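In: for reference, the sequence and a predicted model appear below.
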Amino acid sequence: MHQKLNTENRVEIPARHAMKSLLCLSLGLMFVIAGSFSTAAAQDVAFDAYFSDGMVLQRGKANTITGVAPPGTDITVTLAAKSQRTQASESGRWQTTFPPMGPDGVHTLTVQAADAEGVTVRNVEFGDVWLCSGQSNMVWPVQSSATRDKEYSAAEETNIRIMQIDLDPRGSESSIVPVGKPWSVPDERSLASFSASCWAFGKYLDQNVDGPIGLVQAALGATRIEEWLSADALKRVGGMDEELSVLASYSSAPEQALRAFTENALKGAAAYDEGLINTHWYAEGFDDTRWEKIKLPTTWIGSPRSGAPANEYIGVTWFRRSFDMPALSDDAKIYLELGSIDKQGAVWINGELVGSRYSGAVPFRVEVPGNLLRDGANQITVRVADDAGRSGFPGAGQAFGIEVDGQLSSLAGFWRYRIGADRRAMGELDNPPWAPRSGIQILWNGMIAPLTDKGIKGVAWYQGESNSRSPESYNSLLAALVDSWRGRFDSQDMPVIIAQLPVYGGLVDRSGDSGWADIREAQRQVYLNRDNVGLAVLLDLGVRTEIHPAHKEEVGLRLGREALRIAYGGDIQPPAMPVGGQRDGGALLIRFGPGERQLRAIGGNALIGFETCNAQWQCRYARAVLLGDGATVRVAGLREEDVYLRYGWSASPLTNLYEEEDIPVSPFRFAMPDE
């Protein structure tokens, strides 16, 4: 079974060198260890990339300016005609902090070493900088929004500046902001990829607040809140000590940690994956001639086979093909690039493991040890595992081949494949704590921690969908995010505006549990129990069949209303909430506040979506009406055992209780008062 080597569709790598080389083994690390901007080799004095033309610095707060220079260099930094002196450290880093300044025109920011030409950042203004973070609905770009043409045409009339943080998951905290797109005046080109929700939020503030508005987007789709929390915050929440320990090991010895995790995961997979049970499908010389063919790179939902039923083969799929290598020189650099692999990928060359990935967010690129390669025919095997959604190689336009000294030879074309296990046999995938979209702490380390010495006004947070499968700890996690971000940004009253999840998913005709409802309640509780937190109720802005609604303008408006109320003292009522209850025979009277409210029952005074529940959370729908005062709801038909009331408790609830501004009342859970 192991005698025949498949040579069909073989790729031939051009011969450019004389001998093979022994290169260092690389397991294709997902991200670089902290301090990636190594300044030992820095030859010039410069600002970090965060500081660029057209930027906004936070008014009324101290601003720390950072950059690089040869170690020991004495430098002068000048901002708005005020200068400070500092010196580059042994690592080639420098920083200096300017006291609070106000919005008094357009300025320059300059750094200069003695007897050397300076570097100047122009068109710097002082205003309010807002950080927009979370998952995909905070990523969803203007170019995909329903109002994109309107946004493009109005962009240059605003006093807004935008910038985007790049994906940078890390095992330990970084001090360098990973700038994806630098500060810019919004226009069709720069706005196209920018967050539509964040843009609409900033546009509302621009219309209602004096001074420039700076918007910083740091978000990643499909992420859990645990990825955005620091190690200290996660320790305070509790229950993640093992993951934190593994992540710490990765930070200190990443290659060893990645290899150990992959090898352990493959040992566990041998219980269900045919490619690992008896014969190893990655083995050198394994006979794959009876396998089917597929053209890669591509993606599939369910099965790689064209026309196969969806979800039939979500699970593990193996791919193999051969390629030819010439003789290489001793100093040849060889890399294998396969683009993104969704969701997990492990790769062997000639039977030896050379790399692995645990997220489609990071393209697969590994340095290949030269001693693994032979002159002539070589075999590559890829194992792809996924437990939901689209699988395969989704990196359209990404490199897909063998690179030798910068020259890429494509591996695109026909490969052989075979199913190793379906979804039912596989169960839940194991993911390391450093994997984007399933890990912990890594996005805080790489994308938020570097911002904490930069002054900001506040945060707009849109996240929660990815935590809805296990919502039990979301209240504690979200509270920890608010508290820890405020602490690290050195602003204990920093405004945080939470976007409450909208409707999504099928309708239900009976009472039951709901992870989305649990997330909404956690968001509501953090709003109620933390000062200077806003809650943008978005219930009616969702689409039951689309997790990414294209209409983001109203999302931004509601986030902006809460920011205007919380951060600027705007005369806007806070979201209506139940503030008291009283039993009235077999009914319950619920009073809404704070302050005087005039709620509306759409379609008449009868209300839908209310449930009464016993102590075991066995619930049933109840009749309810809005009373004439506009602030009291009467829920009828209470049972003796009922102790809780809840409203709008499903992923896609039908509700008709609204505020005067056509904003729905938030779903809630409420403990009934005693008799």
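Out: Received, thanks.
In: need the strands for the stretch 1-150 of the chain, in chain order.
Out: 11-12, 46-47, 56-58, 63-68, 74-79, 82-87, 93-98, 106-113, 119-134 (DSSP state E, counting those that start in this stretch).
In: make TSV out of those and add distance to Ala233 and mean neighbour count.
Out: Every residue, glycine included, has its C-beta placed from N, CA and C. Below are the strands of the stretch 1-150 of the chain laid out as TSV (distance: least, Cβ to Cβ, whole Å; neighbours: other Cβ atoms under 10 Å):
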stretch	distance to Ala233	mean neighbour count
strand 11-12	48	15
strand 46-47	30	18
strand 56-58	23	24
strand 63-68	22	22
strand 74-79	32	19
strand 82-87	31	13
strand 93-98	24	19
strand 106-113	32	18
strand 119-134	14	22
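In: Pro432 falls within a strand, correct?
Out: No. Per DSSP: H, G, I helix; E, B strand; the rest coil, Pro432 lies outside any strand segment and is coil.
In: now for it: which residues touch it?
Out: Applying Cβ atoms under 8 Å, 6 or more residues apart in numbering, we find Pro432 in contact with 246, 250, 257-258, 261, 358, 439.
In: let's see 6 Å
Out: 261, 358 (Cβ atoms under 6 Å, 6 or more residues apart in numbering).
In: quick check: the gap between it and Ile75.
Out: Taken as Cβ to Cβ, to the nearest Å, the spacing of Pro432 relative to Ile75 amounts to 41 Å.
In: with Ser184 instead?
Out: 27 Å.
In: which stretches of the stretch 101-250 of the chain have low pLDDT?
Out: For the stretch 101-250 of the chain, applying pLDDT under 70 flags no range at all.
In: the same query, at a cut-off of 90, please.
Out: Counting by pLDDT under 90, the ranges of the stretch 101-250 of the chain that qualify are 102-104, 114-117, 156.
In: which residues touch the residue most central in space within the chain?
Out: For the chain, the residue nearest the mean C-alpha position is Leu220 (2.5 Å; Cα atoms, centre = their mean). Residues near Leu220 by Cβ under 6 Å, 6+ apart: Leu167.
In: residues near the nearest residue to Val129 once chain neighbours are set aside, how many?
Out: Nearest residue to Val129, sequence neighbours excluded (Cβ to Cβ, 6 or more residues apart in numbering): Gly214, at 3.9 Å. For Gly214, the count of nearby residues is 24 (other Cβ atoms under 10 Å).
In: isn't Gly214 right up against Arg161?
Out: Yes. In terms of Cβ atoms under 6 Å, Gly214 counts as a neighbour of Arg161; the distance is 5.1 Å.
In: joint contacts of those two?
Out: Contact criterion Cβ under 6 Å, 6+ apart; residues shared by Gly214 and Arg161: Val56.
In: wait, which of the strands of the stretch 1-150 of the chain is closest to Gly505?
Out: For the strands of the stretch 1-150 of the chain, proximity to Gly505 was assessed by Cβ to Cβ; strand 119-134 is nearest, at 19.3 Å.
In: which outside residues touch that closest one?
Out: 46, 51, 53-59, 101, 103, 106-111, 138, 195, 198, 211-219, 456-463.
In: ditto for stretch 388-408
Out: Under Cβ under 6 Å, 6+ apart, the answer for stretch 388-408 is 13, 296-301, 332-335, 337-340, 342, 363, 409-412.
In: from those, which would you call buried?
Out: 13, 296-297, 299-300, 332, 334-335, 337-340, 342, 363, 411 (16 or more other Cβ atoms under 10 Å).
In: where is pLDDT lowest across these?
Out: Here the lowest pLDDT out of those sits on Ile13, with 55.
In: leaving out chain neighbours, which residue sits closest to Asp674?
Out: Arg583 (7.8 Å).
In: on the three-state scheme, that neighbour is what?
Out: Once three-state DSSP is applied, Arg583 turns out strand.
In: partners of it in the sheet?
Out: On the basis of DSSP bridges, Arg583 is bridged to Leu588.
In: how close does Leu258 sit to Ala265?
Out: Leu258 is 11 Å from Ala265, by Cβ to Cβ.
In: go on, Val382?
Out: Computed with Cβ to Cβ, the distance linking Val382 and Ala265 is 15 Å.
In: between these two, tell me which one has more neighbours.
Out: Val382 (24 against 18).
In: make sure that one is indeed in a strand.
Out: Yes. Counting by three-state DSSP, Val382 is part of a strand.
In: now do the SS call for the residue nearest to it when sequence neighbours are not counted.
Out: For Val382, ignoring the flanking residues on the chain, the nearest one in space by Cβ to Cβ, 6+ apart is Phe319 at 4.5 Å. Following three-state DSSP, the label given to Phe319 is strand.
In: which residues does Phe319 contact?
Out: 382, 415, 417.
In: what bridges to it?
Out: Using DSSP bridges, the beta-bridge partners of Phe319 come out as Val382, Tyr417.
In: any idea how far it lies from Thr262?
Out: Phe319 is 17 Å from Thr262, by Cβ to Cβ.
In: go on, Ser249?
Out: Distance from Ser249 to Thr262, by Cβ to Cβ: 14 Å.
In: more neighbours: those two, which one.
Out: Regarding Ser249 and Thr262, a neighbour count based on other Cβ under 10 Å identifies Thr262 as having more, with 19 against 16.
In: secondary structure class for the closest residue in space to that one that isn't next to it in sequence?
Out: Nearest residue to Thr262 in three dimensions, chain neighbours excluded: Ser356, at 4.3 Å (Cβ to Cβ, 6+ apart). Assigned state for Ser356: strand (three-state reduction, three-state DSSP).
In: would you confirm that Ser356 contacts Ala346?
Out: Yes. Counting by Cβ under 6 Å, Ser356 does reach Ala346; the two are 4.6 Å apart.
In: hang on, the earlier thing: reformat the strands of the stretch 1-150 of the chain as TSV; add distance to Ser144.
Out: Output for these, formatted as TSV (distance: least, Cβ to Cβ, whole Å):
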stretch	distance to Ser144
strand 11-12	36
strand 46-47	33
strand 56-58	25
strand 63-68	34
strand 74-79	37
strand 82-87	43
strand 93-98	38
strand 106-113	33
strand 119-134	16
